[in-house]
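>>> Sequence first, predicted model second:
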Amino acid sequence: MTRAVFLDRDGTLNVEKEYLRDPAELELIPGVPEALNRLQDAGFKLFIVTNQSGIGRGYYTLEDMHRVNTHLTGLLALHGVRFEKIYFAPEAPEAPSRGRKPSPQFLFDARDEFGLDLAQSYMIGDKLIDLECGWNAGVKQSILVRTGYGAKIELESGDKLGRAIVVSDVAEAANVILHLTNAPSLPPEDREALFRTMEGKRWTWRDKFIYAPNNTIWFHGSRPWQGDLNEFHDIMAKRLEKLPKYRSYYSTAEQYQRVFDDTAGLVAILKQLIDAKK
Ligand SMILES: [Mg+2]
């Protein structure tokens, strides 16, 4: 089955400019072409899913939007990036719409037209509606980028982010996706048990974990762990009492980045953490 990555447009692929209508004003967010290229090379089909209420509100026309889209896909095509399809909802927010996010309709359409496995697919965006669209469609993971409105959403709606992973930008999202795709996934019952252990005052869904080989669970906090790492390991040992076969490690964003870069980096960091624990 084919896997896909669904991407929001404004604030995710290109810099948010409030009702962008002029292609000349379009500005790609750094790292986007390379990231999409990597996802494509890994076999992901790429789609844009965009709400364009500016059309329904009368701020710009359908043609304006198509011109912006053509310019965007043209720029990305220079890097070898190809989108299968662009889904757009032109209606104003209060108007009835078949596919306006958070509706999962366009993802279902894409599934039916391209034979996609949504459970192995991802949604990336800078707003809550993007995450919800992914959840409503049953994707493997919704990812919030801090570009566009994302940083504001993280700050103001942290309690609504659910199981979303929060990353800096599409480049980091690609790292996460490629890692999640390659790493063995946690058995569902263990995943649920682990989620339960993470609930509480100190922990929120914003501290995400990635299951890596050798029964090691990596925690990727939305912020680096501020305290002592030994303290972290002690807390986690208690949390994981019911899951004795797992070891846990917390990584800062920087360490985590290195994990994705090479296996040797992973081994080196593990060793470093084990040494620190001794
Ligand atoms: Mg957006």
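Received, thanks.

>>> Does stretch 73-89 reach the ion?
No. Applying C-beta under 5 Å from the ion, one finds stretch 73-89 separated from the ion by no less than 12.3 Å. Any C-beta I mention is one placed from the backbone N, CA and C, and that applies to glycine too.

>>> Buried residues in stretch 140-151, which are they?
140, 141, 142, 143, 144, 145, 146, 147, 148, 149, 150 (16 or more other C-beta atoms under 10 Å).

>>> how long is it end to end?
Using C-alpha to C-alpha, to the nearest Å, one end of stretch 140-151 lies 22 Å from the other.

>>> repeat for stretch 22-38
So stretch 22-38: terminal residues 29 Å apart, C-alpha to C-alpha.

>>> Just the buried positions in that stretch, please.
23, 26, 29, 31, 32, 33, 35, 36, 37.

>>> same question, stretch 156-173
Neighbour-count burial for stretch 156-173 flags 161, 164, 165, 166, 167, 168, 169, 170, 171, 172, 173 (criterion: 16+ other C-beta under 10 Å).

>>> residues touching the second one, list them.
The neighbours of residue 164, taking C-beta atoms under 8 Å, 6 or more residues apart in numbering as the test, are 131, 141, 142, 143, 144, 205.

>>> again, but for residue 136
Contact analysis of residue 136 by C-beta under 8 Å, 6+ apart lists 102, 103, 104.

>>> which non-adjacent residue is nearest the first one?
Of all residues not flanking residue 102 in the chain, residue 132 sits nearest, at 3.6 Å (C-beta to C-beta, 6 or more residues apart in numbering).

>>> circling back: neighbour-wise, give me the winner out of the contacts of residue 136.
For those, the largest number of neighbours (other C-beta atoms under 10 Å) sits with residue 104, at 22 neighbours.

>>> Take the contacts of residue 164 and keep only those in helices.
If you go by DSSP state H, the contacts of residue 164 have residue 131 in helices.

>>> how many neighbours does the closest residue to the ion within the stretch 51-200 of the chain have?
Among the residues of the stretch 51-200 of the chain, residue 126 lies nearest to the ion; the distance is 4.4 Å by C-beta to the ion. Residues within reach of residue 126, counting by other C-beta under 10 Å, total 28.

>>> ditto for residue 108
Count around residue 108 with other C-beta under 10 Å applied: 16.

>>> and the stretch 51-200 of the chain, which residues reach the ion?
Residues of the stretch 51-200 of the chain found near the ion (C-beta under 5 Å from the ion) are 126, 148.

>>> go again using 8 Å as the cut-off
Where the stretch 51-200 of the chain comes near the ion, counting by C-beta under 8 Å from the ion, the residues are 51, 125, 126, 127, 130, 148, 149.

>>> quick one, what contacts the first one?
Just to be clear, that refers to residue 51. Neighbour list for residue 51: 88, 89, 100, 101, 129 [criterion: C-beta under 8 Å, 6+ apart].

>>> so what's residue 25 closest to, chain neighbours aside?
Computed as C-beta to C-beta, 6+ apart, the closest residue to residue 25 that is not its neighbour in sequence is residue 17, at 5.7 Å.

>>> Give the helix, strand or coil label for that neighbour.
coil (DSSP: H, G, I helix; E, B strand; the rest coil).

>>> List the residues that contact it.
When contacts are counted by C-beta under 8 Å, 6+ apart, residue 17 touches 10, 25, 26, 27.

>>> Looking at the buried residues of stretch 22-38, spot the one nearest residue 114.
Nearest to residue 114, judged by C-beta to C-beta, of the buried residues of stretch 22-38 is residue 36 at 16.8 Å.

>>> and that closest one, how far is that from residue 160?
According to C-beta to C-beta, to the nearest Å, residue 36 stands 27 Å off from residue 160.

>>> same deal with residue 178?
Look at residue 178 and residue 160: by C-beta to C-beta, they are 27 Å apart.

>>> about what we covered before: in helices only, show me the residues of the stretch 51-200 of the chain next to the ion.
Judged by DSSP H, the subset of those located in helices is residue 130.

>>> Narrow the residues of the stretch 51-200 of the chain next to the ion to those in strands?
Here DSSP state E is the test, and those give 51, 125 as lying in strands.

>>> Since that was my last question, I'll sign off now.
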